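In: Take this sequence and fold it.
(chains A and B)
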Amino acid sequence: MAKINGKEITEAAGGPLSRYLDEKGYKRTYIAVEVNGGILPKTEYDSYIINDEDVIEIVNFVGGG
Amino acid sequence: MNDKLVIAGHEFDSRFILGSGKYSLELIKAAVENAGAQIITLALRRANSDADNILDYIPKGVTLLPNTSGARNAEEAVRIARLSREVGCGDFVKIEVIHDSKYLLPDNYETIKATEILAKEGFIVMPYMYPDLNAARDLVNAGAASIMPLGAPIGSNKGICTKDFIKILIEEIDLPIIVDAGIGKPSQACEAMEMGAAAVMANTAIATAGDIPAMAEAFKKAIEAGRTAYLSGMGRVIEKASASSPLTGFLQD
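Out: Now for the predicted structure:
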């Protein structure tokens, strides 16, 4: 089962990452994505198919000092 | 007067770097405007798709300075920096490597390692560090664009407890020295600038003030006053009195 931001997500695997991002309402301009420890460029969100064992991090900026 | 803050060839009129933590997104615009800040720090965290995004609240034209908070070693700092750049907001990064949760003191050794890696990758690296001259020299050699020594523990508002050591950095290091962390009130920001610091970074002092935009403005004025005083050259200090009024022409003569 794919793990996204620390949570196991059953429905994500098998589909493109962009579909997951759109479904959850992530705006691409605000985020960066890491798949299994490596950065996935924004241009590959559409073509990347989420695998069952993927560990994915979706990050963005928040307030900080 | 042409007195710019220059970091890796980028010029800034403002010498106040503002943090964006610990206060509401609604107040960020007013704080940035009142501060006159042209650089604002941010943190990188797991994204919550439901939350408003801070980038919508930062005025256009402000340079974003993501930090690597949360990193406990060089490797984690590098990972956070790369992800921050991938978001697409520029090459600036404030390195912060901390594994002491009580005082949040930075690990200079890991900071130097991260600086070296990221500078080679084209980042504009602004490392947060404990004010140690040898470590600062290593950071220069590692490719840092500025040095950000702490005045006191993060968020403490205690002022520039490390004053004498920051003065040594200002004296010896040929990069902008930006006092970061611990500055709690405008007079302390002014003091840092009078000492010859190139800029001041503050967050908690503003975020925990009663009126956040007003305190941002107070810091702006203090930083400008301190800078002007530094450039003016301080008046001398002597042990005895020295009359300011003429010592001739008294009525009883």
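In: only C-alpha atoms for contact and neighbour calcs from this point on.
Out: OK.
In: which helix of chain B spans the most residues?
Out: helix B:212-232 (DSSP state H).
In: Going by neighbour count, which residues of it are buried?
Out: Buried positions in helix B:212-232, judged by neighbour count with 16 or more other C-alpha atoms under 10 Å in any protein chain shown: B:212-227, B:229-230.
In: does any bit of it sit next to chain A?
Out: No - contact of helix B:212-232 with chain A is not found when judged by C-alpha under 8 Å from any C-alpha of the partner chain; the minimum separation is 14.3 Å.
In: can you pull the alpha-carbon coordinates of that helix into PDB?
Out: Once side chains and other backbone atoms are set aside, the C-alpha atoms of helix B:212-232 remain, and they are given as PDB (Å, rounded to 0.1, in the frame of the first residue of the first chain):
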ATOM      1  CA  ILE B 212       2.100  42.700  15.300                       C
ATOM      2  CA  PRO B 213       2.100  45.200  12.300                       C
ATOM      3  CA  ALA B 214       3.000  48.100  14.700                       C
ATOM      4  CA  MET B 215       5.900  46.200  16.200                       C
ATOM      5  CA  ALA B 216       7.100  45.300  12.700                       C
ATOM      6  CA  GLU B 217       7.200  49.100  12.000                       C
ATOM      7  CA  ALA B 218       9.000  49.700  15.200                       C
ATOM      8  CA  PHE B 219      11.700  47.200  14.200                       C
ATOM      9  CA  LYS B 220      12.000  48.800  10.800                       C
ATOM     10  CA  LYS B 221      12.700  52.200  12.300                       C
ATOM     11  CA  ALA B 222      15.100  50.800  14.900                       C
ATOM     12  CA  ILE B 223      17.100  48.900  12.200                       C
ATOM     13  CA  GLU B 224      17.200  52.000  10.000                       C
ATOM     14  CA  ALA B 225      18.300  54.100  13.000                       C
ATOM     15  CA  GLY B 226      21.000  51.700  13.900                       C
ATOM     16  CA  ARG B 227      22.300  51.400  10.400                       C
ATOM     17  CA  THR B 228      22.500  55.200  10.000                       C
ATOM     18  CA  ALA B 229      24.300  55.500  13.300                       C
ATOM     19  CA  TYR B 230      26.800  52.800  12.300                       C
ATOM     20  CA  LEU B 231      27.500  54.600   9.000                       C
ATOM     21  CA  SER B 232      27.800  57.900  10.800                       C
END
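In: quick one: average pLDDT of it?
Out: Averaged over helix B:212-232, pLDDT sits at 97.
In: how about residue B:149, what does it touch?
Out: The contact partners of residue B:149, by C-alpha atoms under 8 Å, 6 or more residues apart in numbering or on different chains, come to B:128-131, B:166, B:177-181.
In: actually residue A:42, not the one I typed
Out: When contacts are counted by C-alpha under 8 Å, 6+ apart, residue A:42 touches A:28, A:32-33.
In: So residue B:168 sits against residue B:137, correct?
Out: No - with contact defined as C-alpha atoms under 8 Å, residue B:168 and residue B:137 do not form a contacting pair (11.6 Å).
In: Just want to know which of the two has more residues nearby.
Out: In terms of neighbours (other C-alpha atoms under 10 Å in any protein chain shown), residue B:137 is the more surrounded of residue B:168 and residue B:137; the figures are 17 against 13.
In: Not counting sequence-adjacent ones, nearest residue to that one?
Out: Leaving aside its chain neighbours, residue B:137 sits nearest to residue B:173 (7.1 Å; criterion: C-alpha to C-alpha, 6 or more residues apart in numbering or on different chains).
In: Now that neighbour. Its backbone dihedrals?
Out: Here the main-chain torsion angles of residue B:173 (degrees, to the nearest 10) amount to phi -100, psi 130.
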